[in-house]
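S.K.: Okay, structure incoming, though there's no sequence with it:
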C-alpha cells in the first residue's frame, strides 16, 4: 500500500498557485519524495523529487518539512492544462526500486 | 527531450490469444518497468527488469506474463493467454539506474480483451 496520504480532490483558479499537500509520516531516511501527475489516462508524468531540501524546476516547487513527514507541491501559476491526478510517492534510494501509486489528488483548475 | 515510446496505442484481442506489447525505453536508461492501470483504478506495478533479468515482480505478474529485451532498444511484455480481466492500460517506464533517477513513462497501450 502507498505510504502517503493526499486529499482526494482540490480546486484551483487559473493563474493562481496550486498547493498540493502530502503526508508521509513513516518515511525512512533513505526514501525520496517523488511527485507525478497523470492527465486523463496518459502515462504518469514525472514532476519533481527531493530528499530533504526544497527543490524547484521549470514545472513546480517541492517544499519538504524539516522532519520530512510532509511535503507540498506548488504549481506557481496553474493553467487549465494542469488539471490532472497528482501522485505523491516515497521511493527508496535504490536503482531498481519501484513506485507505488496511491489514489492521488485530483486537481481541477477552473477558469 | 527523449521519451519512452509504446506501440501499439490500442490493441484488441480475443480471450485466450497471445499479445505482445512493445516499448522503446530512453536510450541510455538501465532499468525497465511495466505497470498497468485497470479503468478507474490505481496504477499497479507489474515487473522491473535490469541486466537482462527480472529484478522484482508483483503478484499480478504470474506465469501468463513474460518480459524480454530482444535487442538493444526494445522491451516487450507478453501475455500468453489473455483473460477478460487483463483489459487495462499498460505503461512501460525506464530509469537511468542511479538511486534517485526518476522513472519516465510512456503513454501506454490500451489492451481490450473481448
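M.R.: Ah, there it is. The structure presented is a predicted model; accordingly, all values stated were derived computationally and were not measured. Numbering: from 1, shown residues only, chains lettered A, B, ... in the order given.
S.K.: where do the strands sit along chain B?
M.R.: Under the criterion DSSP state E, strands of chain B are mapped to B:5-7, B:10-13, B:19-24, B:31-37, B:43-50, B:53-57, B:65-68, B:75-79, B:88-95, B:104-105, B:109-113.
S.K.: Mean neighbour count and mean pLDDT for those - can I get that in TSV?
M.R.: In short, each C-beta sits where N, CA and C put it, glycine included. TSV is the format used below for the strands of chain B (neighbours: other Cβ atoms under 10 Å in any protein chain shown; pLDDT from 0 to 100):
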stretch	mean neighbour count	mean pLDDT
strand B:5-7	16	97
strand B:10-13	14	98
strand B:19-24	18	97
strand B:31-37	25	97
strand B:43-50	21	96
strand B:53-57	14	94
strand B:65-68	17	97
strand B:75-79	19	97
strand B:88-95	25	97
strand B:104-105	24	96
strand B:109-113	18	98
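S.K.: and chain B, which residues reach chain A?
M.R.: B:4, B:30-31, B:33, B:35, B:37, B:42-45, B:48, B:50, B:55-56, B:89, B:91, B:93, B:95, B:97-108 (Cβ under 8 Å from any Cβ of the partner chain).
S.K.: any weak-confidence spans in chain A?
M.R.: Chain A contains residues with pLDDT under 70 at A:1-2.
S.K.: which residue is nearest the middle of it?
M.R.: Against the mean C-alpha coordinate of chain A, by Cα atoms, centre = their mean, the closest residue is residue A:35 at 3.4 Å.
S.K.: Tell me who's in contact with that one.
M.R.: Listed by Cβ atoms under 8 Å, 6 or more residues apart in numbering or on different chains, the contact set of residue A:35 reads A:20, A:22, A:47-49, A:60, A:62, A:73, A:86-89.
S.K.: beta partners for it?
M.R.: Beta-bridge pairing for residue A:35 (DSSP bridges): residue A:48, residue A:88.
S.K.: ok, now residue A:22?
M.R.: residue A:71.
S.K.: again, but for residue B:45
M.R.: Going by DSSP bridges, residue B:45 is paired in beta bridges with residue B:35.
S.K.: didn't it look like it was pressed against residue A:100?
M.R.: Yes - judged on Cβ atoms under 8 Å, residue B:45 makes contact with residue A:100 at a distance of 6.7 Å.
S.K.: interface residues of chain A facing chain B?
M.R.: Within reach of chain B by Cβ under 8 Å from any Cβ, chain A has these residues: A:32, A:34, A:38, A:41-46, A:49, A:51, A:87, A:93-103.
S.K.: List buried residues within these.
M.R.: Buried members of the residues of chain A next to chain B, scored by 16 or more other Cβ atoms under 10 Å in any protein chain shown, are A:32, A:34, A:38, A:43-46, A:49, A:87, A:95-102.
S.K.: give me the number of residues near residue A:25?
M.R.: Residue A:25 is flanked by 11 other residues according to other Cβ atoms under 10 Å in any protein chain shown.
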